[in-house]
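J.: Provided below are the primary sequence and the corresponding predicted coordinates.
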Amino acid sequence: MIKLLMIADDFTGALDTGIQFAKNGVNTQVFTTCDLDSVVVKPETEVVVVDSETRPLKPYEAYEVVKKIALWGKNNSVEIIFKKTDSALRGNIGAELQALSDIENKSVFFLPEYPSINRITKNGIHYIEGELLENSVFGKDPFEPVKKSYIPDIIKEQSDISVVCLKTDEKIPKTLNEPSILVFDAQTINDLSQRVDDIVETKNLKYIAGCAGLAEQIVNKIKFENSERKHFEKTEKLYIACGSLNDITKKQVGYAIKKGEFYCQNLTLEQKLMPSYYDTENGKYFLNYICENLKSSKKFIVDTFDKNNSSSEKDEFLKQNNLSYADIRTIIPKCHSIIINHILSVEDDITILMTGGDTLMGFMNLVGCNEIQPLCELEQGVVISNINVKGRSLQVISKSGGFGTEDIFLRIANKILK
């Protein structure tokens with residue numbers, strides 16, 4: 001029986017939060033389709049995670065998608081409906097919380113913090129590693145910069161719902177005049193744990209929202225029928241498809257090249273923005289070139305950073321090919337997916353690491369897969385899973401672009417390689 005339905009807005013979010021349950025032995029299924037009537041939910045499954053892919057949608061579109069999934073949960077008597085939000089509050093926060101509230105005109109309890117990676121809320125204001133959210137790296141995100149730090153302001157950009165901020169020492173109101181979003185402060189793991197206890201004790205654990213930090217707490221607060229924990233396998237090679245354009249990831253790639261003896265191939269504008277390139281003779285030659293280099297390199301990175309092109313050159317390329325900056329978000333994953341698919345035709349003993357939720361999602365779309373089995377967490381925000389690719393079980397690692405320290409790729413390689 002399903003106890004908890006989680007709705008994430010991107011793929012890495014679905015995995016790094018869903019894994020909090022799977023790694024504790026809770027039977028968890030992760031789906032990449034919003035049509036839950038078309039999937040097979042196993043009888044033993046207690047947690048269903050859905051990647052709604054609403055991050056890049058318009059607010060009204062995201063609202064409808066989330067509401068539809070949440071209604072499925074309500075109609076199937078799911079005990080807890082959990083709206084997974086980004087720990088840096090990117091995406092359609094207001095519209096999606098509104099959708100959750102509108103299911104039964106109930107208040108939503110929002111705990112957006114992830115204290116273990118220094119993402120906290122104080123007086124309703126969100127901080128990233130001690131900086132105001134708007135001044136952090138996420139305020140400079142190339143696709144979705146967050147320009148506010150006060151959470152009610154972020155919600156109000158997309159919703160007129162009432163927002164109530166609660167400090168760590170404030171009690172949960174017994175009654176509210178209208179359905180509201182209750183935003184809870186938390187600066188420590190203990191703060192977050194105590195707030196979840198408060199919500200459970202007041203029987204309000206029904207419509208909740210937060211990130212992986214909240215999931216870490218919930219898994220220990222409610223009873224699940226735990227099964228055997230799953231483990232990953234070491235492989236001969238590690239291939240990293242770096243689709244994230246985040247500055248954090250850029251530093252991680254640079255460190256891996258400098259300190260970790262990783263071979264790195266930077267894609268040209270044509271190689272990363274023209275999927276049709278791979279149908280040409282040059283494209284086929286490049287795919288074979290990648291595979292040849294993989295024979296002698298156990299640690300291989302392909303990245304899409306603009307290392308060799310100026311902004312004006314990139315703008316001119318986009319203009320010539322009738323592309324917009326919005327198109328980049330879907331085109332880069334397509335190009336990465338084509339490369340990965342070719343690699344898999346010649347490599348067996350390999351783990352594929354993909355940075356950025358769009359990258360992994362693009363690959364799964366290419367191979368026609370809509371379910372992924374999370375196995376375990378190598379470290380915070382780094383999830384190992386299995387997917388079925390044309391009858392073959394492929395081990396993949398997902399990492400959000402904004403996660404991890406500078407040496408993360410080295411640590412992953414040390415753990416995953418034989």
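T.: Nice, thanks for sending it over. Model, not experiment: these values are computed from the prediction.
J.: ok, which stretches of the stretch 301-418 of the chain are strands?
T.: 350-355, 371-379, 382-389, 392-399 (DSSP state E, counting those that start in this stretch).
J.: return the most buried member of the ones you listed.
T.: strand 350-355 (a mean of 25; mean count of other CB atoms under 10 Å). In short, each C-beta sits where N, CA and C put it, glycine included.
J.: partners of it in the sheet?
T.: strand 237-242 (parallel), strand 392-399 (parallel) (DSSP bridges).
J.: output the longest helix belonging to this structure.
T.: helix 325-344 (DSSP state H).
J.: mean confidence for that one?
T.: On average, the pLDDT along helix 325-344 is 93.
J.: can you tell me what sits against that helix?
T.: Identification of contacts with helix 325-344 by CB atoms under 8 Å, 6 or more residues apart in numbering yields 56, 143, 239, 241, 243, 267, 271-275, 277-278, 287, 290-291, 294, 302, 304, 318, 323, 350, 352, 354, 356, 358-359, 361-363, 365-367, 389, 392, 394.
J.: any of those buried? List them.
T.: 56, 239, 241, 243, 267, 271-275, 277-278, 287, 290, 294, 302, 304, 318, 350, 352, 354, 356, 358-359, 361-363, 365-367, 389, 394 (16 or more other CB atoms under 10 Å).
J.: dump the C-alpha coordinates for the longest helix of the chain into PDB.
T.: Only the C-alpha atoms of helix 325-344 are listed here, as PDB (Å, rounded to 0.1, in the frame of the first residue of the first chain):
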ATOM      1  CA  TYR A 325      18.500  30.200 -25.100                       C
ATOM      2  CA  ALA A 326      15.400  28.300 -23.900                       C
ATOM      3  CA  ASP A 327      16.100  25.600 -26.500                       C
ATOM      4  CA  ILE A 328      19.500  24.900 -25.000                       C
ATOM      5  CA  ARG A 329      18.000  23.200 -22.000                       C
ATOM      6  CA  THR A 330      16.500  20.400 -24.000                       C
ATOM      7  CA  ILE A 331      19.000  20.200 -26.900                       C
ATOM      8  CA  ILE A 332      22.100  19.700 -24.700                       C
ATOM      9  CA  PRO A 333      20.600  16.600 -23.000                       C
ATOM     10  CA  LYS A 334      19.700  15.200 -26.500                       C
ATOM     11  CA  CYS A 335      23.300  15.500 -27.700                       C
ATOM     12  CA  HIS A 336      24.600  13.900 -24.500                       C
ATOM     13  CA  SER A 337      22.100  11.100 -24.900                       C
ATOM     14  CA  ILE A 338      23.200  10.300 -28.400                       C
ATOM     15  CA  ILE A 339      26.800  10.000 -27.300                       C
ATOM     16  CA  ILE A 340      25.900   7.800 -24.300                       C
ATOM     17  CA  ASN A 341      23.800   5.500 -26.400                       C
ATOM     18  CA  HIS A 342      26.700   5.000 -28.800                       C
ATOM     19  CA  ILE A 343      29.100   4.300 -26.000                       C
ATOM     20  CA  LEU A 344      26.800   1.600 -24.600                       C
END
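J.: can you mark which positions in it are buried?
T.: Under 16+ other CB under 10 Å, the buried positions of helix 325-344 are 328-329, 331-344.
J.: from the residues you listed, pick the one nearest D185.
T.: R329 (33.0 Å; CB to CB).
J.: for V66, helix, strand, or coil?
T.: Classification of V66 using DSSP: H, G, I helix; E, B strand; the rest coil returns helix.
J.: for K84, see how far away it is.
T.: Distance of V66 to K84, computed by CB to CB, to the nearest Å: 10 Å.
J.: kindly report the same for A212.
T.: Counting by CB to CB, the gap from A212 to K84 is 8 Å.
J.: can you check Q395 too?
T.: Where K84 is concerned, Q395 sits at a distance of 24 Å (CB to CB).
J.: now do G391
T.: Distance from G391 to K84, by CB to CB: 31 Å.
J.: which one's more surrounded, the two?
T.: K84 (28 against 5; other CB atoms under 10 Å).
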